[in-house]
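> fold the following and give me the result.
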Amino acid sequence: MPVKIPDDLPAAEILESENIFVMSETRAANQDIRPMKVLILNLMPNKIETETQLLRLLGNTPLQVDVDLLRIHDKESKHTSTDHMNDFYRDFETVRQKNYDGLIITGAPLGQIEFEDVSYWDHICEIIDWSQQHVTSVLFLCWAAHAALFHLYGLNRKLLNKKRTGVFLHRRTSQHFPLLRGFDDEFFAPHSRFAEMNINELKCHPDLKVLTESEEAGAYMILSRNNRNLFVMGHPEYQKSTLKDEYCRDLAEGMDPEVPQNYFTQDNPDLIPIARWHGHGSLLVSNWLNYYVYQLTPYNLDDMTGITPWENDN
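Numbering: from 1, shown residues only. Okay, the predicted model is just below:
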């Protein structure tokens, strides 16, 4: 089923060229369907690239999705035009009184800054708190996952000496959760971050469940007991070239970056990268949207109350 986006959003042309089903607002207005309402809080510098990555995953699900784009502030973006931000992004005040089926909060290039020193920390906490009453399920990605675990559960991350970047092998640590339906016993996922959560603290917390992990990259998917929050430590949305683009950017800025692990052919940055996470990345978002949003959300969003906690797995 399609993802509904504004008529002139730049991602539309890219996704249509990839045979991803997207629908314009004009066409969607003529359909009598209750679509899933998903809000995306985009904290990444290149808004259009991140929009396209996330819409690609949402457009590969069997559900019709209406997407609203949210910005954290109205300051000028260095990498995205003011016209684009004004045309397609909403301020929080315009959605504060609304309910949504799903919310996705992206990562952010803030991995080496203490949370309280982030200029919009109070605002991000406000949105996280709001989401616990106004959204059926929230998908936190990378930095946003670390930030939400700190704000909601008081669990802090550990800063790393070097950036954790590459494509890492993961395994399931739980079996009987709908989020993992269709997952192989082992699968790959990309990471790009300067911090890591203590996996033992996550496993010991009574309100959290570690579903998948990596020997090299630590915890990957963590679910809250009330099914409302899914924390994903990596970037299932990344396209094939994203880690290469980040590596080349860091090189150009004189940062002497590590070569992303298990990514380039023969681990040689002069050779082409290998994408081996797209299938499980699509499955992750599809399962989240189906089992933790569509299956749990009320038909009338004004009736939103609580959702069902997980069942104990065997």
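> show me what secondary structure element comes after the strand ranked longest in the chain.
Identified as the longest strand of the chain according to DSSP state E is strand 157-172. Past strand 157-172, heading to the C-terminal end, the next element that is a helix or strand (DSSP states H and E) is strand 186-197.
> packing partners for the helix or strand just after that following strand?
Read in the C-terminal direction, the helix or strand following strand 186-197 is helix 199-204, with elements assigned using DSSP H and E. Helix 199-204 is packed against strand 208-214, strand 218-224, with contacts defined by 3 or more CB pairs under 8 Å, 6 or more residues apart in numbering; DSSP states H and E. For the C-beta atoms, the positions are set from N, CA and C on the backbone; glycine is no exception.
> show me where this structure has helices.
With DSSP state H applied, the chain shows helices at 11-17, 25-28, 47-58, 82-88, 121-134, 143-153, 199-204, 242-252, 278-287, listed in chain order.
> make JSON lines from these and add mean neighbour count, mean pLDDT and distance to Arg164 to it.
Below are these laid out as JSON lines (neighbours: other CB atoms under 10 Å; pLDDT from 0 to 100; distance: least, CB to CB, whole Å):
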{"stretch": "helix 11-17", "mean neighbour count": "16", "mean pLDDT": "68", "distance to Arg164": "28"}
{"stretch": "helix 25-28", "mean neighbour count": "13", "mean pLDDT": "52", "distance to Arg164": "39"}
{"stretch": "helix 47-58", "mean neighbour count": "23", "mean pLDDT": "94", "distance to Arg164": "19"}
{"stretch": "helix 82-88", "mean neighbour count": "14", "mean pLDDT": "92", "distance to Arg164": "30"}
{"stretch": "helix 121-134", "mean neighbour count": "16", "mean pLDDT": "97", "distance to Arg164": "22"}
{"stretch": "helix 143-153", "mean neighbour count": "22", "mean pLDDT": "98", "distance to Arg164": "12"}
{"stretch": "helix 199-204", "mean neighbour count": "14", "mean pLDDT": "97", "distance to Arg164": "13"}
{"stretch": "helix 242-252", "mean neighbour count": "16", "mean pLDDT": "95", "distance to Arg164": "11"}
{"stretch": "helix 278-287", "mean neighbour count": "20", "mean pLDDT": "96", "distance to Arg164": "18"}
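> list the contacts of Leu211.
By CB atoms under 8 Å, 6 or more residues apart in numbering, the contact list for Leu211 reads Arg172, Thr173, Ser174, Phe177, Leu179, Leu180, Tyr220, Met221, Ile222, Leu223.
> quick one, which of these are buried?
The neighbour-count test (16 or more other CB atoms under 10 Å) applied to the contacts of Leu211 identifies Arg172, Thr173, Ser174, Phe177, Leu179, Leu180, Tyr220, Met221, Ile222, Leu223 as buried.
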